[in-house]
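>>> output the structure for:
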Amino acid sequence: MGDSLITVVVIALVAVLMFVFPLMTMSDRTDDVSQLTVDTATTEFVDNVRTTGKLTLDNYGKYVENISSTGNAYDVEMEIKVLDENPGKKTTQAHSKKIGENVYYSMYTSQILDQLNDQKVITLKEGDIISLSAKNKTSTLSQQLKNFFYSVAGNDTYSIAAEHAGIVTANGTGK
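Have a look, this model is predicted:
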């Protein structure tokens, strides 16, 4: 009786080792590839906006399509800080590029998308700041497996996410 119990336990352990751990390893690699894809796409998108000074509906659509090709759904959040050319009448300095005098107002994702849908392009100027973050909102196979096996130790969830920001270096009004 004791030998049969040990045999059943050994068979169950071998089954776990042969099927579950390779599945976890492959799903982790898939998440790594997705992370790299989202990082690269986010950096390229923001750098393109920074160097051209234009945010277009077409480029944004291509960006969303690119990150969605990983098979996950993402929550994309954008913020554009627009440099106010007229910071106020209280300014005594004539040069608005000095540190401490720059005043920014922010546009957030919903405002940006509304303007993109209306005008198809948002023109930025030198000194504006764009930031973008993308986070997966669906649970990947790797996250589900980790949550199942590590439920005793707590939810060790991993999120695929990327952030990038920068200052616009070119005026978008130029052709």
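>>> for Gln115, give me its contacts.
Met107, Ile122 (C-beta atoms under 8 Å, 6 or more residues apart in numbering). Just so you know, the C-beta spots here come from the backbone N, C-alpha and C atoms, and that holds for glycine as well.
>>> quick one: it from Asn48, how far?
18 Å (C-beta to C-beta, to the nearest Å).
>>> so where's this structure shaky on pLDDT?
Within the chain, the stretches with pLDDT under 70 are 1-2, 86-102, 151-158, 174-175.
>>> what do you get if the cut-off is 80, keeping everything else the same?
Low-confidence segments of the chain (pLDDT under 80): 1-2, 16-17, 20, 85-102, 144-159, 172-175.
>>> wasn't Ser106 part of a helix?
No. Assessed with DSSP: H, G, I helix; E, B strand; the rest coil, Ser106 is strand; it does not lie in a helix.
>>> please verify my assumption that it contacts Ile80.
Yes. In this structure Ser106 lies within contact range of Ile80 using C-beta atoms under 8 Å: 7.1 Å.
>>> which one of those two has more residues nearby?
Ile80 (23 against 11; other C-beta atoms under 10 Å).
>>> report the contact partners of the closest residue to the more buried one other than its chain neighbours.
Distances taken as C-beta to C-beta, 6 or more residues apart in numbering put Met107 closest to Ile80, at 4.6 Å, once the chain neighbours are dropped. Shown in contact with Met107 (C-beta under 8 Å, 6+ apart): Glu79, Ile80, Lys81, Val82, Gln115.
>>> how about the last one, secondary structure?
Gln115 carries the three-state label helix when classified by three-state DSSP.
>>> re the thing from before, between Ser106 and Ile80, what contacts are shared?
What both Ser106 and Ile80 touch, as defined by C-beta under 8 Å, 6+ apart, is an empty set.
>>> neighbours around Ile160, how many?
Based on other C-beta under 10 Å, the number of other residues close to Ile160 is 25.
>>> spatially nearest residue to it (excluding sequence neighbours)?
Asn136 is the one closest to Ile160 (C-beta to C-beta, 6+ apart), at 4.3 Å.
>>> format the contacts of Met107 as TSV; extra columns: distance to Thr37.
Formatted as TSV, the contacts of Met107 follow (distance: C-beta to C-beta, whole Å):
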residue	distance to Thr37
Glu79	22
Ile80	24
Lys81	27
Val82	30
Gln115	27
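>>> widest-spaced pair of these?
Farthest apart among the contacts of Met107 by C-beta to C-beta are Lys81 and Gln115. That separation is 14.8 Å.
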